[in-house]
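Undergrad: What follows is a predicted structure for the sequence shown.
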Amino acid sequence: MDSTKKISHLALDIGGTLIKLVYFSANGDYSEESRNGCSVVHGKLCFAKFETRKIDDCLEFIRFNILHHSGVQHPNGVAHDKLYVKATGGGAFKFADLFKEKLGILFDKEDEMHSLVGGVNFLLKTVPREAFTYLDGQKEFVEIDHNDLYPYLLVNIGSGVSMIKVDGDGKYERISGTSLGGGTFLGLGKLLTKCKSFDELLELSHHGNNRVIDMLVGDIYGGTDYSKIGLSSTAIASSFGKAISDGKELEDYQPEDVARSLLRMISNNIGQIAYLNALRFGLKRIFFGGFFIRGLEYTMDTISVAVHFWSRGEAKAMFLRHEGFLGALGAFTSYSNQSHNDLKPHHHTVQRAILNCSGDNLRHIPVTSNLNDSETIECSINLV
Ligand code: ADP
C-alpha cells in the first residue's frame, strides 16, 4: 500500500464465515476543499475480506495497512487512545475483546439487519451500474428509480440466509430466512468432495454435470416432459435423487458432479423460498446479496430461473456488484448518522462524518466516477 495514503472510517462486518472490511482511503494528495464549513475529502472506498477462522490475518492487515495509514500506529502496534470503529455481524460481539486487546480498537456496534439494509440502499442510490439481472447468459444493468425503489425484498445469502422486506431507509422487517445457505454449500461440499476451500469447490462445480446425480423429470417420465403441469424433461424432480437407485457409493461419483448438484440445489432452493416470500407481500423486485453468490454465472442463473419460473416472469431477481459487503457498507454509512459526543475526538474516528448529500437530503456518498478496478468506489466525504 502506498505510504502516502491516508485511511479513515474503517467499518467491519464479522460474519460466521468471513470478515468484511470497508475503509475510506483519501487520494494521495489528500485533496481537501471547504464547502459550507465542511472539509470535503476525495478518495475511494476500499474493500477487503478474510476468513473468520483466520482472524489473525485480519488483525495484522488492520495493524499494518489501516492503523499505520491513519496515524495511530504506536511502537507496540496498539493504539493508546480509545479508537472506535463501526462493527456489525455476530463477530462484533464475539471478538470485541480480541480487537481491544490486540489493536486497542473498540467496537461501536451496529445492528446486522440495519446495516445490511443501509448498505443496499446506499449502493442502489449512489453507485451507478450497481444492480443487474442475469438470465440466459445475459447480464443487464438495472436503472434504479430513486422515487420507485421501495418496497423490495433483500435476500442475503451468507453462511445462513436472511430475507428482509425493505420499505424505506431504516424501514424493514426480516420476514424469513433459511439455514440452507452458503455455509451449507461450503460445509456439505467439503465433506462430500474433500475440497479445501470455497474457491476449489466453485472450480469443481464449474466442470461438473448435475444431471449425473439429480433425478430429472425426464428420468421419471422416460425422457418426455410433464407438459400438463409445465415441467420440462430437464427440470430437477429430486436433487441428488439418482444416487438412491444407482447402487453407487460417493466415491463412484466425480466430485465435480457432486459440487455442481449441490450448488444447484442450494441456489434453486433459495430462489424458490425468495419467490414465495415475495409473493406473500406482493414484492416484484428481489435483490440478492451475500458472499455466496460471488458473481458466479451458474449461481445467478439458477436463482434467476427459479424466480422467473415460479413467478411466471412477474418477479425479477437482481444482483449487486458489491454483494458481499452490504453489512460492512451499511456500518460504514452509519458514521454519517450519529454524532459520537461520548467519543474522544480522534483524526481516525472522525467525530461526525457527514457523507455528502446530493441535494435530496439523503445522507450518502455521491459517486464522483464509475467504479475503477473490480471493487473500489470513487467517492468523497464531508468531515465536520
Ligand atoms: P457471513 O457474514 O455469514 O460470513 P458472507 O456473506 O460473508 O456471510 O458469506 C459467507 C459464504 O460465502 C460462505 O458460507 C461461502 O458459501 C461463501 N464464500 C465466498 N467466498 C468465500 C471464501 N473465500 N471463503 C469462504 N466462504 C466463501
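TA: That came through fine. Numbering: from 1, shown residues only.

Undergrad: What residues does the stretch 101-250 of the chain have near the ligand?
TA: Taking C-beta under 6 Å from any ligand atom as the measure of proximity, the stretch 101-250 of the chain contacts the ligand at 158-159, 182-183, 185-186, 198. For glycine as for every other residue, the C-beta is placed from the backbone atoms N, C-alpha and C.

Undergrad: quick one: which of those residues is nearest to residue 165?
TA: residue 158 (18.0 Å; C-beta to C-beta).

Undergrad: contacting residues around the residue nearest to that closest one when sequence neighbours are not counted?
TA: Counting by C-beta to C-beta, 6 or more residues apart in numbering, the nearest residue to residue 158 once its immediate chain neighbours are dropped is residue 290, at 4.5 Å. The contact partners of residue 290, by C-beta atoms under 8 Å, 6 or more residues apart in numbering, come to 155-158, 161, 181-182, 323-324, 326.

Undergrad: Inside helices: which ones of these?
TA: 182, 326 (DSSP state H).

Undergrad: longest helix anywhere in the protein?
TA: With DSSP H applied, the helix covering the greatest number of residues in the chain is identified as helix 255-281.

Undergrad: Now do the strands in the stretch 151-300 of the chain.
TA: In chain order, the stretch 151-300 of the chain shows strands spanning 152-157, 161-168, 171-178, 215-216, 236-238, 285-289, with DSSP state E, counting those that start in this stretch as the criterion.

Undergrad: what does the fifth one rub up against?
TA: What that stands for is strand 236-238. Counting by C-beta under 8 Å, 6+ apart, the neighbours of strand 236-238 from elsewhere in the structure are 210, 214-217, 219-220, 231, 264, 268.

Undergrad: do that again at 7 Å, thanks
TA: Under the criterion C-beta atoms under 7 Å, 6 or more residues apart in numbering, residues 214-217, 220, 264, 268 lie in contact with strand 236-238.

Undergrad: Narrow those to those that are buried.
TA: By the neighbour-count criterion of 16 or more other C-beta atoms under 10 Å, those include these buried positions: 214-217, 264, 268.

Undergrad: Same list (those residues) but as TSV, adding pLDDT.
TA: As requested, these are arranged in TSV below (pLDDT from 0 to 100):
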residue	pLDDT
214	96
215	95
216	93
217	91
264	96
268	95
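
Undergrad: Residue ranges in this protein under the pLDDT threshold?
TA: Counting by pLDDT under 70, the ranges of the chain that qualify are 1-5, 28-38, 69-81, 246, 337-375, 383-384.

Undergrad: which strand of it spans the most residues?
TA: Longest strand in the chain by number of residues, with DSSP state E as the criterion: strand 38-51.

Undergrad: what's the following helix or strand past that one packed up against?
TA: Next in sequence after strand 38-51, counting helices and strands by DSSP states H and E, comes helix 55-61. The criterion is 3 or more C-beta pairs under 7 Å, 6 or more residues apart in numbering; DSSP states H and E, and the helices and strands that helix 55-61 contacts are strand 38-51.
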